[in-house]
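Chemist: Structure for this input, please:
(4 chains, ligands or ions: 10)
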Amino acid sequence: MEPFEPRVVAFLCNWCSYTGADLAGTSRKKYPTNLLPIRVMCSGRVDPEFILKAFREGADGVIILGCHPGDCHYINGNHKTLGRFPILKKLVQQFGIHPDRLRLEWVSASEGDRYAVVVAEMTEQVRKLGPLRWNTRIKETVAASAAGGE
Amino acid sequence: MDASKPVIRLEREMRPDFLEEIFEIPGGEHIKACIQCGTCSGSCPASPQMEYTPRQIIAMIRAGMRDDVLSSNTIWMCASCYLCQERCPAQIKITDVMYALKRLSVKEGKAPPKAALMAELFVDNINTYGRNSEGLLIMKYYLGKSWGKALSNAGLGMALWKAGRLSAGEVFSPHRIKGIDQLRKIIAKVVEEGVV
Amino acid sequence: MNTYTYYPGCSMSATGKAYAESLETVAKVLDIRLAELDDWNCCGATAYFSVRETLSHAISARNLALAEAQGPGRDVVAACSACYLGLNKTNKYLKEFPELRKRVDSALDAGGLKYDGSLEVRHILEVVVKDVGLEKVAALTTRKLEGLKVASYAGCQMVRPYGFDDSECPVLLDNLVRAVGATPVPFAMAARCCGGSQMMTNEDAALRMTKNILLCAQDAGADVIITTCPLCQMNLDAFQAKVNHAFGTSFNIPILFFTQLLGLAFQVKPLGIERGVAKPGPALARFIS
Amino acid sequence: MKNPVIGVYVCHCGSNIGSVVNVPEVVEFAKGLPNVAVAREHKYMCSDPGQDVIKKDIKELGLNRVVVASCSPLMHEHTFRKACESAGLNPYYFQMANIREQVSWVTTDKVRATEKAKVVLVGAVNRVVEHDPLFVKSVPVTPATLVIGGGVAGIEAALQVAASHTQVHLVEKEPSLGGHMARFDKTFPTLDCAACILTPKMVQANTNPFIKVHAYSEVIEVSGYVGNFTVKIRHKASYVNNDKCTGCGVCITKCPERGIPAEFESGLGNRPVYVAPDAPQHGKKPKDTFGKRPAIYTPFAQAVPNKPVIDRDNCRYYTTGKCRVCEKMCEPGAIDFDQKDWIEEIQVGNIIVATGMKTFDPTPMKNLGYGRIPDVYTGLEFERICHSSGPTEGQILTWKKESPKAIAIVHCVGSRDDKHHRHCSRVCCMYSLKYAHLIKEKLHNCEVYEFYIDMRCFGKGYEEFYSRLLQEDVRFVRGRVAEVSDWGIYPEEKGRLVVRVEDTLAAQVRRIPVDMVILSTALEPAENADHLKHTLHMSCSSDLFYLERHPKLAPVSTATDGIYIAGACQGPKDIPDSVAQAGAAAAQAIGMIKRGVVEIEPTTAHIEESMCTGCQICIPLCPYTAIRRNEEKRIAYIEGALCKGCGTCVGACPSGAAQQWGFDDRQIYREIEGVLAAK
Ligand SMILES: Cc1cc2nc3c(=O)[nH]c(=O)nc-3n(C[C@H](O)[C@H](O)[C@H](O)COP(=O)(O)OP(=O)(O)OC[C@H]3O[C@@H](n4cnc5c(N)ncnc54)[C@H](O)[C@@H]3O)c2cc1C
Ligand SMILES: Cc1cc2nc3c(=O)[nH]c(=O)nc-3n(C[C@H](O)[C@H](O)[C@H](O)COP(=O)(O)OP(=O)(O)OC[C@H]3O[C@@H](n4cnc5c(N)ncnc54)[C@H](O)[C@@H]3O)c2cc1C
Ligand code: SF4
Ligand code: SF4
Ligand code: SF4
Ligand code: SF4
Ligand code: SF4
Ligand code: SF4
Ligand code: SF4
Ligand code: SF4
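Modeler: Ligands and ions are numbered 1, 2, ... in the order given. From the prediction side, this is the model:
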């Protein structure tokens, strides 16, 4: 069997994180290929439904990346993401998904290095949790998730 | 002069893996960032006595001059004052690097005899008693080295003796810790695992 | 009363005997309890680290593990700067380098020990200045050391690389000197190396370093140099005659442990002042009675 | 909707992509994707021939969707949209897949890179199917420009824009224009007198009918968008009525409060005064005016505007309730103790930020003795010591008012240092050389030592300047100074300063006695740079200077359209470079004003009336208060011109009524499906 390669859908805000990810490229930082970037204008645009959609389509993890609080290109869109995030975590947990499969990170336009680190960390974090296969309805039991495991 | 030996340094004599070797030790991780500014050497109280200044040592590590570095007196001159490390603009833990070089030098038998002797006596002392008896250490060291030196320092020893700072008991029957077996087990385990 | 797990280190029973005596005396006055770590082993100091890296951390870790069991949550306090650094470095490196941690853990395990990394390692000077406080020291002073000019010598390993005082221009000892009514002199060599253990292996270089420290104190008009480390004290004191011989100087500067200075101000005994090789001059002798 | 006919183009970018991603394999794969009519590769898609391929296919194959897999959309999205448009396709029927910055450059694993390129491509192909035609809106541009910061860069930018006969507002926080340059005596490498170049420009700016100088003022709020910014400026109360004040300066000479360290003298005023041990003890001490100013002051004699301000924190009237000498002395009656801060609102189309830098405070580097040893100065302080109108009237004197016999100039203080700033400050090598020259000019017998790590003389005429200095017998020592001590060991060192350094070329540690030390300190972001960054929603690079949109393609633009940066606020820079950038920023502003309209990205939000439940969740979320409530229909609607397209409301709307053009739910769902379709 092929080794498990997690697939993590990443929502990147255009101004900070997407630019930061580009910078990681321009500075030739190396990181795992497991993140699948999707560009949105602001982390505030990330609809809770996007996250569930990603898990439903077979993602093993989802990460939202935005500007550092205070640096949002749209004044405070990321604050709203931050405010929403604990609820999102609960939500995925209720669906029997380990909360560590969902992550929120701030990466600024100048933090190419950091982006590479975050990608590596997230990849490893999800790799440890193993495949999710939520789409194939092999549901992780709610009970297990309540106990903190999967 | 040995005419067959070129004075110019040839790349084939170099050990490019030397830099990696140092890079791998805890504390060695910044070494590649050295900008050869000389702050370390300028700060070092021992640099006047060193064959190569600390900065040169870093340059030589980078060049791969493994033997030259390991057999130089520089690494044994380091008094572990940490001044170089404190001021290095590249955050290189130079003192740790010096320690690493000392270890390699001893391991490969390149250390100057007195430095190696001192260190080994110290280790021996601790492995036997769990503590270091200063008096015993000094005695063994000077006996192992030279009688002349031992005598020249005898005056000093006498002064300390009189002040009650070196006692006969300490030299002839040093304190041994109760848990010496435990300590030896710990030491044995490290030795067994290979990375001492 | 604050209780600390006290790690004396090897020198305290020999060359640093006066430090041990004065510390014990002064700690009572300051109301700090130093519970000696049972069956401690040598910290490894500079020399051990030179030749065995993992081992030096492993033997240091034995002390930390014992301390964790003996006094959970208590700070480990060392009086010798080299011990302070050795224990502190191990404590920090175990957190910083997971590979090392693994090796050390398994070694400890072989000795039936375990260290969680829960302790802080501190120097006794820090405890006196920060936990006890200068106000209290001043209040306990029964005889102000007025007119005594003191060069505060912090040395290296107490302030670098993990110091609690400025690593270039330390101030804590000076503050303490002021608290007991003495006068600190400007001392450019306060945090410069005395030669450390080089005195054994590389005497010429070490004597030169010691000479510069003594010279600087003399230029500043110091009546006494105070130290926080048995090795510094030993180099500056016991080797003074050798320095004079080698450089044609005529230094006679008494070298006290800072605890001895406190003891003089508190008028308590024993302080072991008679153990010094360089004998007190009149400025200092006034306060020794 | 017409059936989608998609063209896919995969770029090699020379070897940038092609050497890691197997481009032909990706192309073959693309051919098999639904709706893809054609898939091709090209060595350089953005080149004209590359673009022509797309145009030709649109026309000949009737493509109605285009996907290019190449670099980042931030790089070339615009290029390809234009290409589609010129072939008659709505530019928003285009989607880009980033397989360079986020694929080929970040891995060496060719197999995984090729896999990822495919996955990203599927996302784009999937998404583009759902694209709608969008139309760029044009809005008129307010023909006025705001320049923030009145240093040489800001002044230059203001003058250049004003040359197009459009309005400029120049806001300077200090009482006078001039910035750092106004403090310099001479400037490298030509050694022209700074005042001779700068003063005329300052005057021109102040008298130009198209420039309104707002000195002693700050920008406190900016709203709106490119072409149409509303800016609030706070004018700080100066307690002087500028309309009445003639600038005679009588108030300044009469003010009894004279001991305030002058900002303009770069900290020299903070030093304790030297009192000789044999100075007569009796009588009153002479007043210490070294580097000090009165409570009512202009920063320097040639200040522009030449109107004094009262420093409220130090004015005796405000601190003790008594004085008002200035008021009595002022003939025109310009002093006005009742003045208050006031706020002015202006409309501009463009903003040029030129807020410059500040210099590093070397106090934390205790080994260099600054703040502890009196004769250790910073470069900026030395500028004032050298300056004929500085506190020593240009005489180079030590603290004890003696002529130094040897001076050390220490490079890279706070620069190239992990503990402080990692960057090279770019100007300090050159200004250090300048000082060496000025010292040699004034004190023929003074030894000058330059302690450097590398000599960075990259500009036009700079290396020539260095070689001139080498011949002027300046002593160059390659080595970073380890310490400056005021305690000497050897007789010749007694009472002087000693520099300890490794001469790295000789590999010898040296002790060098000197009488004065000049620290060439790093350039760092201006005091309030972070604050202004938030006001304007700009970004910073890791050195905390303002971030340009692209270092090569758009060096004076920022991520926000209509906001430009010039001068040292973008990074350490000398005067020639600052001025050049100012010109470039001005050209951008003028260009936009000349066009008269700006195009607004159509990717804004809108609310589908029929779906909106009127829950009002979206309304408080909008950072631009663009969402309103239609009381009658009990639903929300978006004021189009105010929406900036962040999508926050869209992300939060529970009923899916709020949608964003170009980023609507369908499009993103399809992209998610796409990137996860494989396997
Ligand atoms: C010691 C020293 C010597 C130098 N010598 C030379 C030399 O000889 N030759 C040379 O070419 N270069 C020299 N330089 C570099 C030169 O100083 C800079 O290139 C130049 O000053 C940059 O100009 P600027 O207008 O971008 O910034 P600045 O000169 O810093 O001007 C910025 C202006 O903006 C104002 N400001 C800041 N924030 C705000 C705000 N929020 N609102 C309103 N106003 C604000 C400031 O008050 C200031 O007036 C030297 C630099 C130093 C430190
Ligand atoms: C080997 C090398 C590597 C470099 N690498 C980098 C790098 O990695 N990063 C970087 O930032 N910079 C780099 N540079 C510098 C970079 O090349 C220059 O900054 C840049 O090319 C300057 O652009 P330019 O338009 O001024 O001049 P050029 O690129 O020289 O363009 C001038 C153009 O004018 C044309 N021309 C000349 N005379 C006439 C005439 N009389 N009539 C009509 N046309 C004329 C020429 O044919 C040419 O097309 C490098 C330079 C070199 C030599
Ligand atoms: S101070 Fe650091 S950067 Fe400078 S030469 Fe020494 S090791 Fe290299
Ligand atoms: S730690 Fe060693 S090498 Fe570094 S300055 Fe001190 S003596 Fe020199
Ligand atoms: S389109 Fe982008 S990837 Fe392709 S050649 Fe141009 S810059 Fe390179
Ligand atoms: S305020 Fe009055 S006295 Fe002062 S400069 Fe203006 S006019 Fe002259
Ligand atoms: S009122 Fe203030 S500003 Fe005016 S003269 Fe008096 S102190 Fe100076
Ligand atoms: S310009 Fe010169 S002095 Fe300044 S930081 Fe760069 S190298 Fe150092
Ligand atoms: S959140 Fe959606 S449903 Fe609620 S008012 Fe806004 S647009 Fe309407
Ligand atoms: S997308 Fe919505 S929240 Fe964002 S600016 Fe537009 S209306 Fe406001």
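Chemist: Okay, domains of chain B per the record?
Modeler: If you go by automatic domain parsing, the domain ranges for chain B are B:11-107, B:113-193.
Chemist: Same list, those domains, but as TSV with mean neighbour count please.
Modeler: Using the backbone N, CA and C atoms, a C-beta is placed for each residue, glycine as well. Listed next are the domains of chain B as TSV, based on neighbours: other C-beta atoms under 10 Å in any protein chain shown:
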stretch	mean neighbour count
domain B:11-107	21
domain B:113-193	18
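Chemist: So for residue D:675, which of those domains sits nearest?
Modeler: Nearest of those to residue D:675, taken as C-beta to C-beta: domain B:11-107 at 36.0 Å.
Chemist: Can you tell me which helix or strand of chain C has the lowest average pLDDT?
Modeler: Within chain C, no helix or strand scores below helix C:45-51, which has a mean of 65 by mean pLDDT, DSSP states H and E.
Chemist: Where does the residue most central in space within chain A sit: helix, strand or coil?
Modeler: Nearest to the mean C-alpha position of chain A, by C-alpha atoms, centre = their mean, lies residue A:63 at 0.6 Å. Following DSSP: H, G, I helix; E, B strand; the rest coil, residue A:63 is assigned to strand.
Chemist: any idea how far it is from ligand 10?
Modeler: As judged by C-beta to the nearest ligand atom, to the nearest Å, residue A:63 and ligand 10 stand 22 Å apart.
Chemist: can you check residue D:325 too?
Modeler: Distance, residue D:325 to ligand 10, by C-beta to the nearest ligand atom: 55 Å.
Chemist: Please apply the same query to residue C:80.
Modeler: According to C-beta to the nearest ligand atom, residue C:80 and ligand 10 sit 64 Å apart.
Chemist: Could you count how many residues lie near that residue?
Modeler: For residue C:80, the number of neighbouring residues by other C-beta atoms under 10 Å in any protein chain shown comes to 29.
Chemist: Isn't it up against residue C:231?
Modeler: Yes - in this structure, residue C:80 is within contact of residue C:231 by C-beta atoms under 8 Å, at 7.1 Å.
Chemist: what do those two both touch?
Modeler: Counting by C-beta atoms under 8 Å, 6 or more residues apart in numbering or on different chains, the shared contacts of residue C:80 and residue C:231 are residue C:11.
Chemist: which ones are touching residue 111?
Modeler: Unless you meant another one, I'm taking chain A. Residue A:111 makes contacts with A:20, A:23, D:542, as judged by C-beta under 8 Å, 6+ apart.
Chemist: let's do chain C instead
Modeler: By C-beta under 8 Å, 6+ apart, the neighbours of residue C:111 are B:179, B:182-183, B:185-186, B:189, C:62.
Chemist: Need phi/psi at it.
Modeler: Backbone torsions of residue C:111, given as degrees, to the nearest 10, read phi -90, psi 10.
Chemist: again with residue C:7
Modeler: phi -110, psi 110.
Chemist: again with the one 5 residues further on
Modeler: Recorded main-chain torsions at residue C:12 are phi -60, psi -20, according to degrees, to the nearest 10.
Chemist: rewinding a little: give me the subset of the contacts of residue C:111 that also touch chain A.
Modeler: Restricting the contacts of residue C:111 to those within reach of chain A (C-beta under 8 Å from any C-beta of the partner chain) leaves nothing.
Chemist: which residue ranges form the helices in chain B?
Modeler: For chain B, the helices defined by DSSP state H cover B:17-24, B:39-43, B:54-63, B:66-70, B:74-77, B:83-87, B:94-107, B:113-129, B:134-145, B:147-152, B:154-162, B:168-172, B:180-193.
Chemist: Mind checking if the second one is in reach of chain C?
Modeler: No - judged by C-beta under 8 Å from any C-beta, helix B:39-43 and chain C are separated, with a smallest distance of 9.6 Å.
Chemist: now the fifth one
Modeler: Yes - among the residues of helix B:74-77, B:76-77 lie within reach of chain C under C-beta under 8 Å from any C-beta.
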